[in-house]
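Peer 1: Here's a sequence, model it:
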Amino acid sequence: MDPLTLLDHACRVTGGPAVMCGPVRLDYQGLRALADRIGRDLEARGARPGDRVAALFPNCHLYLACYFAALLRRLVLVPLNVRLSRREMRAILAHSGARVLIGEPVLAAPLLRHGAAAGDGWIAGPTGIGGAGAEAKTPPDTVHLYYTSGTTGEPKGVILTGGNLGAHVDMTLRELGFSARDAWLHAAPMFHLADAWAVWTVTAAGGTHVLLPRFEPAAALELMCGEGVTITNLVPTMLMGLLAEAQKRGRAPRSLRLLLSGGAPIAPSVVARIGERLGCDYAQTYGLTETSPFLTFSMLHEEQRALPTEARLRLLARTGRPARGVELRVVRPPGAEVFGDVPADDQTVGEVVARGPTVTPGYWRDPEATRAAFLGGWFHTGDLGTIDAHGSLNLVDRLKDVILTGGETVYSTEVESALYEHPGVREAAVFGVPDDTWGESVRAAVVPGERGVAAGELVAFCRERLARYKCPRQVDFVEALPRTGSGKIDKKALREPFWRGRSRQIN
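Peer 2: I've put the predicted structure just below:
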């Protein structure tokens, strides 16, 4: 589907609500009118086709309209993470060469140099950025620059094109069965593709956008129940919070048909709780900013639905099969230009590589990173996994999160999956710390559930399920795990204090 026609198509075929944002209610014609107003304001501030325009909003109807305003005027939108410091935001503005910034006034005003003017709920103006970034030209058909969260290094500007966007819309419409009857809850941040992909797919289906400015489990559950939400995507910490809230209040959204989640492992027991407490189907997803984002889904084929309950839950907790149009392989050696497929035995670990119409053409102003990411003509994800005879992928770790202890390899996600089986664990992150005897040792940071749990109990629990060398030697209990802008657990932040002062991050 041509992204430029999405709003026009929705205006023609949909007569129902398009946007529910607090007291604001819009149909698609109203959303189109708002996008046109914002587009005219951006042009008045100096934005021209091909220019980068940064956006800084919480989830709201104005942000939704900004996505369409930029697309319709052929501007390249640069979504900014609201959690970043001003220094980090200025670095992204400089690297992207954004000429204009639009945003919520309190958030955006400190980043504007001069000439800013307020609209109806937004402020827009020139950034004052000059130099090579501002003068550089984006490749043809570029529509977005998304800056990665930077858990493994400096953030990079991921180029996404209209072709990427259109292919992802077509794929998700079919894979997820969207229709005009669907209401999507924008709960994950719209500055990240964990949610932003749905801006286009929901509109293509003529569905309803329900917007939650800031995720709180109680508020999310209330919106789901009150606004007839049928589908959403939650990062794991949101999902666990929603489950706890639904249990506490004894309430479930009857309209919810499908809950998506990704970015961390999930235990089959949690999948079972989703069905029991929320009364909906569940699918694990996997993808990256560079892939628009989805590469896989764990949704079951018809014949798999007849399997025994435990088998079905295990399949739903896997990373899943490749999405339509995606070519995906698991190869060795990782990060190489010449590589071969691992055996489809679901045991041999290799790097996940992919290609297809949803994959980025490269990184903005970073030809070296682009070359390194596309060795051998495939996009190298940096993720490690196994694949079975049916082509189902199961992630085991990121390359940089692997733990080497006493000559043995430990995949942190395997240990996390074991921890998540314990009813006293709400969230868990496993990482390697220096150990003078073993090189590295396994350490876990855990957010306990309501029933609480002791460190020794968790270690013993893991030893019943895993080899001793894989089990945490130390468990730290924390109120919350550090997060990247996309909501993923930031293991780099967890590891850093233990490796500080060392010349290398392996031992």
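Peer 1: In contact with residue 452, which residues?
Peer 2: residue 424 (Cβ atoms under 8 Å, 6 or more residues apart in numbering). All C-beta atoms are positioned from the backbone trio N, CA, C, and that covers glycine.
Peer 1: how close does it get to residue 501?
Peer 2: 34 Å (Cβ to Cβ, to the nearest Å).
Peer 1: And for residue 73?
Peer 2: Distance, residue 73 to residue 501, by Cβ to Cβ: 50 Å.
Peer 1: now residue 283
Peer 2: In terms of Cβ to Cβ, residue 283 sits 43 Å off from residue 501.
Peer 1: more crowded one of those two?
Peer 2: Per other Cβ atoms under 10 Å, whichever of residue 283 and residue 501 has more neighbours is residue 283, with 20 against 5.
Peer 1: Rounded mean pLDDT for stretch 109-128, please.
Peer 2: Across stretch 109-128, the average pLDDT comes to 86.
Peer 1: Strands of the stretch 51-200 of the chain, residue ranges please.
Peer 2: With strands called from DSSP state E, counting those that start in this stretch, the stretch 51-200 of the chain shows them at 52-56, 76-79, 100-103, 117-118, 123-126, 142-147, 157-161, 183-186.
Peer 1: looking at this structure, which helix or strand is least sure?
Peer 2: Of all regular secondary-structure elements in the chain, judged by mean pLDDT, DSSP states H and E, the least confident is helix 132-135 with a mean of 74.
Peer 1: so what pLDDT did residue 136 get?
Peer 2: According to the prediction, residue 136 has pLDDT 86.
Peer 1: burial of it, as a residue count?
Peer 2: For residue 136, using other Cβ under 10 Å, the count is 13.
Peer 1: Please apply the same query to residue 316.
Peer 2: 23.
Peer 1: Buried ones in the helix or strand harbouring it, by neighbour count?
Peer 2: Assessed by DSSP states H and E, residue 316 sits inside helix 309-317. By 16 or more other Cβ atoms under 10 Å, the buried positions in helix 309-317 come out as 312, 313, 314, 315, 316, 317.
Peer 1: Could you verify my assumption that the third one touches residue 267?
Peer 2: Same thing as residue 314. No - with contacts defined as Cβ atoms under 8 Å, residue 314 does not count as touching residue 267, sitting 9.8 Å away.
Peer 1: Touching both of these two, which residues are there?
Peer 2: Contacts common to residue 314 and residue 267, judged by Cβ under 8 Å, 6+ apart, are absent.
Peer 1: Surely residue 424 is in contact with residue 449?
Peer 2: Yes - assessed by Cβ under 8 Å, residue 424 is found in contact with residue 449 at 5.1 Å.
Peer 1: Give me the residue at the spatial middle of the chain.
Peer 2: residue 194 (3.2 Å; Cα atoms, centre = their mean).
Peer 1: Please tell me how far residue 292 sits from residue 325.
Peer 2: 11 Å.
Peer 1: between those two, what contacts are shared?
Peer 2: 167, 358.
Peer 1: between these two, who's got more neighbours?
Peer 2: Between residue 292 and residue 325, residue 292 has the larger neighbour count (other Cβ under 10 Å), namely 31 against 14.
Peer 1: residues touching the more buried one, list them.
Peer 2: Contacts of residue 292 (Cβ under 8 Å, 6+ apart): 160, 164, 165, 167, 168, 193, 197, 358, 359, 360.
Peer 1: Let's have those residues in CSV, adding pLDDT and distance to residue 366.
Peer 2: Putting those into CSV (pLDDT from 0 to 100; distance: Cβ to Cβ, whole Å) gives the following:
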residue, pLDDT, distance to residue 366
160, 98, 15
164, 98, 18
165, 97, 21
167, 98, 23
168, 98, 22
193, 94, 19
197, 98, 23
358, 98, 20
359, 98, 16
360, 98, 12
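Peer 1: Just the residues you listed: which are in helices?
Peer 2: Counted as lying in helices by DSSP state H, out of the contacts of residue 292, are 164, 165, 167, 168, 193, 197.
Peer 1: Please, a ChimeraX command that selects the buried ones among the residues you listed?
Peer 2: For the buried members of those, the matching ChimeraX selection, counting by 16+ other Cβ under 10 Å, is:
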select :164,165,167,168,193,197
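Peer 1: among the ones in helices among the contacts of residue 292, which two are most distant?
Peer 2: 167 and 193 (13.9 Å; Cβ to Cβ).
Peer 1: Identify each buried residue in stretch 50-61, please.
Peer 2: 51, 52, 53, 54, 55, 56, 57, 58, 59, 60, 61.
Peer 1: could those residues be laid out in a markdown table, adding pLDDT and distance to residue 483?
Peer 2: Below are these laid out as a markdown table (pLDDT from 0 to 100; distance: Cβ to Cβ, whole Å):
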| residue | pLDDT | distance to residue 483 |
| --- | --- | --- |
| 51 | 95 | 31 |
| 52 | 97 | 26 |
| 53 | 97 | 26 |
| 54 | 98 | 22 |
| 55 | 98 | 21 |
| 56 | 98 | 18 |
| 57 | 98 | 19 |
| 58 | 97 | 16 |
| 59 | 98 | 16 |
| 60 | 98 | 21 |
| 61 | 98 | 25 |
